[in-house]
Every structure is written in structure tokens, then in C-alpha cells.
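Chemist: Predicted model and sequence below, questions to follow.
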Amino acid sequence: MFNDKQNQVLAYELDNSRVKSRSKGNITLSYLEGHDILEAANRIFGYGNWSSKISSLEQVSQESNSNQNTIVCYKATVIVTIFDMQHSKQISREDVGFGTGIAKILADAHEGGAKEAITDAIKRSFRSFGNQFGNSLYGKIQQQSNAPQSYQQPVQLQQPQQQYQQPPSQQMQNNTPLDYSSLYNIGLTIMEQGQNLVVLGDDIFSKKDSIKACGFRWDGASKMWFKPIEQQVA
């Protein structure tokens, strides 16, 4: 159903910078924002390769609080469908979400509650596709530091990186150039994954000569070009 690149991204651990938190009673809840989920879906599956459908939306309750605000609660059921690149295959997930709208004006309370319920249902439907959609945040506390290194979220290296800068006389140690501008210039990205640097990008095999020239090796098991980080330090 999913191609190799999609499976690779879905296997990454969730980047902690995407996780938000809020207090509810005496506990703190971790969550992903609705727009973050939609951006992740567009990035991983592609624009036009997924859709969501509201199969039901109903009001659950309505009351007023001591501040004379109207409180309206809604329940929504949403179906999320993912298509492959050719739209010849698809997979669907369905889940229920709840939302509460609080406002002085009744219509505003209804609007807030309905929107929140739909967003919650979309988020819960996507979570079955793994950590990139916050599945690790449900029912347990995320422990990013305990994640296996082979599946840790890669961190993109920004140019230049101070820790990899060395005097010109040392930049070709072990015939391994530390300036990756040649790879960035042809549209490739250098990422840090566990104890290795890896190369990602489109048409990567057509650029293998440039990648090899920078000291990276092909790993058939992971289907990635990699280089141990310790090689970067003199």
C-alpha cells in the first residue's frame, strides 16, 4: 500500500518539538494539534492522496456555567481514507471524537464544539498509522530517549554545523570530505539518525557517484546511504 519512503517516515519516532501539552484536572496531557496532523498527512501521503468524511455529527449536551456561558458538547464520527500514488488502492480508518464549545453566544458555542469534535475524530482516525500521527501519546508517556536508535527521528543538519567544521588541513581525513555542499546543491539532504549520517532525497540512485565521493556507503538492509558519525570528527 505505502511505498518505501512513506514506510520509512512512518517508522520514525515522533519529534518532541511537535508535541503540545495542556492540563486537565491534576494531570498533564500531551497531544498533537489538528493542523500538525493535516500537515503530516500532506507531507507523507501527498496532496490529494487522502480524504476525510464526516459520517455523523450530533450534539451530546448543552448547559450554562456560573459565568453565563453556554457549554455545548458534540460527538463526531469521521472516516479517513488513504490512497496510493496511483489511486488504485486505498485504506480507511474510522473513529469518534468529542468537542466542547464555550461561549456567550449560543451559535459560537455550537460552532466551537462541532469543529473540535470533528478535529478530534480526524486525529484519532489517523493515529492508527503510527507515531507520526501521535499514536505513542495515547495511553502512555512518550519516552523519546529510550527509543531504539535505528528508529529515532532523524535530525536535519543545518549548514554549516559547528561540530563538523575543521581546519582545511583536516577536512580530507580518511578521504572523507566534511563539506556536503555538493550534495545539498543537487537537492539531497543529510540527516542524523542514531549514530549515523544518512542521505535522503529524490532520484537518489542517479546521484550515487556524488554520494560516494562524500564517503557514504550503501546499506542494502535499510536501503539507505550512510556514514558513521565518528568519521566526522578528527
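Modeler: Received, thanks. As the structure is a prediction and not an experimental result, all values here were calculated from the model. Numbers count the residues shown, from 1 in each chain.
Chemist: quick one: least confident helix or strand in this protein?
Modeler: Evaluated with mean pLDDT, DSSP states H and E, the helix-and-strand set of the chain has its lowest mean pLDDT in strand 155-156, which scores a mean of 48.
Chemist: Quick check: next helix or strand after that one?
Modeler: Moving toward the C-terminus from strand 155-156, the first helix or strand encountered (DSSP states H and E) is helix 181-184.
Chemist: Go through the protein and flag its longest helix.
Modeler: Of all segments of type helix in the chain, defined using DSSP state H, the longest is helix 106-126.
Chemist: Now do the buried residues in it.
Modeler: Along helix 106-126, the positions that meet the burial threshold by neighbour count (16 or more other CB atoms under 10 Å) are 109-110, 112-114, 116-126. C-betas here are computed from N, CA, C, even on glycine.
Chemist: Now the two most distant members of these.
Modeler: Put simply, by CB to CB the two of the buried residues of helix 106-126 set farthest apart are 109 and 126, 26.6 Å from each other.
Chemist: what's the offset of the longest helix of the chain from the middle of its chain?
Modeler: Averaging C-alpha coordinates over helix 106-126 and over its chain gives two centres that are 22 Å apart (CA atoms, centre = their mean, to the nearest Å).
Chemist: now stretch 22-39
Modeler: Stretch 22-39 has its average C-alpha position 15 Å from the chain's average C-alpha position, going by CA atoms, centre = their mean.
Chemist: ok, now stretch 41-52?
Modeler: Average the C-alpha atoms of stretch 41-52, do the same for its chain, and the two points are 13 Å apart (CA atoms, centre = their mean).
Chemist: Likewise for stretch 105-114?
Modeler: The gap between where stretch 105-114 is centred and where its chain is centred comes out at 31 Å by CA atoms, centre = their mean.
Chemist: Using PDB, write out every CA atom in that stretch.
Modeler: Output of stretch 105-114 as PDB, limited to C-alpha atoms (Å, rounded to 0.1, in the frame of the first residue of the first chain):
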ATOM      1  CA  ILE A 105     -23.300  33.400  22.100                       C
ATOM      2  CA  LEU A 106     -25.100  30.100  21.500                       C
ATOM      3  CA  ALA A 107     -24.100  29.900  17.900                       C
ATOM      4  CA  ASP A 108     -20.500  30.400  18.700                       C
ATOM      5  CA  ALA A 109     -20.600  27.600  21.300                       C
ATOM      6  CA  HIS A 110     -22.200  25.200  18.700                       C
ATOM      7  CA  GLU A 111     -19.500  26.200  16.200                       C
ATOM      8  CA  GLY A 112     -16.700  25.600  18.600                       C
ATOM      9  CA  GLY A 113     -18.000  22.300  19.900                       C
ATOM     10  CA  ALA A 114     -18.700  20.900  16.400                       C
END
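Chemist: who's in contact with it?
Modeler: Contact partners of stretch 105-114, identified using CB atoms under 8 Å, 6 or more residues apart in numbering, comprise 57, 59, 62, 69-74, 76, 99-103.
Chemist: mind running it again at 7 Å?
Modeler: Judged by CB atoms under 7 Å, 6 or more residues apart in numbering, the contacts made with stretch 105-114 from elsewhere in the structure are 57, 70-74, 99-103.
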